[in-house]
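>>> Got a predicted structure plus its sequence, pasted below:
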Amino acid sequence: MSRSDPRQVRALKADSFGRIALMRDADGGLFVRRDLRHVPWWLRLPAWGLARREARALRALAGMPAMPQLRAWDGRVLDRSYLEGAAMHQRPPHGDLAYFRDARRLLQRLHRSGLAHNDLAKEANWLVLEDGSPGVTDFQLAVLGQPRSRWMRLLAREDLRHLLKHKRTYCPQHITPVERRVLKRQSWVRRLWFASGKHVYRFITRKVLKWRDNEGRGPRL
């Protein structure tokens, strides 16, 4: 390995769709690498599709604070900036109303940019940064579109509903009546997912690929 090559600091996650590791570059800076070069041949297309989707989302988020920034994507390796902090379940924001207010503003900025995250039910995709403020990561399932379209507004409401579920868990005393109504309102997307999509997902991940994502809690190494 040459002096300019990055070196791995530690493995973060590994599954059938790639390996994710914390890396250090030649200047000492940290970044996160998603490496598809070890993916089985029969999963390369979906793995590439997920990584490509993440790269597109990160390009759309260029310059937005509290979000990872794209460093490089060559079709096999995706590098993104590292956000210093911990996942929500590792550093729970119990009673922290400011965190959830800032998280809602962050979501609004995300949605105004024409992007819906689409995977915010997982606590691992919400970060508590070093200063206690929120951050968002893992944009493999993100959707880009016109912010005012019916489809994007529906996905944005789902993002918000997932945030409010976390607020109900960690900050229940500050849930407002309006937020309770949002939590009770279930979209047809959610009903369809629980009626069929989630069963297919669990069969593929647990029976075929032999892993459980555990809602993002902890690495699959």
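Yep, that arrived. Numbering: from 1, shown residues only.

>>> Which of the helices or strands spans the residue nearest to A116 when sequence neighbours are not counted?
Spatial nearest neighbour of A116, excluding adjacent residues (Cβ to Cβ, 6 or more residues apart in numbering): L155 at 3.6 Å. C-betas here are computed from N, CA, C, even on glycine. Element membership for L155 (DSSP states H and E) is helix 150-170.

>>> coming back round to it: next one: the residue nearest to A116 from L141, what distance?
Distance, L155 to L141, using Cβ to Cβ, to the nearest Å: 10 Å.

>>> Who has more neighbours out of those two?
A direct count of neighbours by other Cβ atoms under 10 Å for L155 and L141 places L155 higher, at 21 against 15.

>>> Need the pLDDT of that one.
L155 carries a pLDDT score of 94 in this model.

>>> what does R180 give?
pLDDT, read off for R180, is 95.

>>> ok, now Q186?
Taking Q186 on its own, its pLDDT is 75.

>>> Would you mind listing the buried residues in the helix or strand following the helix holding L155?
Downstream of helix 150-170, the next assigned helix or strand under DSSP H and E is helix 177-184. For helix 177-184, burial by neighbour count (16 or more other Cβ atoms under 10 Å) applies to E179, L183.

>>> Tell me the bridge partners for W126.
As for beta bridges, W126 partners with V136 under DSSP bridges.

>>> Can you pull out the low-pLDDT segments for this structure?
Where the chain drops to pLDDT under 70, the residues are 1-4, 187-221.

>>> For it, which segments are assigned as strands?
Taking DSSP state E as the criterion, the chain carries its strands at 7-15, 18-24, 30-35, 70-73, 77-81, 85-87, 115-116, 126-129, 134-136, 143-144.

>>> Counting by contacts, list what the first one packs against.
Just to be clear, that refers to strand 7-15. Secondary structure elements in contact with strand 7-15, counted by 3 or more Cβ pairs under 8 Å, 6 or more residues apart in numbering; DSSP states H and E, are strand 18-24, strand 30-35.

>>> what lines up beside that strand in the sheet?
Applying DSSP bridges, one finds strand 7-15 paired with strand 18-24 (antiparallel).

>>> any idea how far the nearest residue in space to H94 that is not next to it in sequence lies from R161?
Spatially, and ignoring its direct neighbours in sequence, H94 is nearest to Y170 (5.3 Å; Cβ to Cβ, 6+ apart). Relative to R161, Y170 is positioned 15 Å away (Cβ to Cβ).

>>> Not counting its neighbours along the chain, what's nearest L120?
Using Cβ to Cβ, 6+ apart, the nearest residue to L120 is H162, at 4.1 Å.
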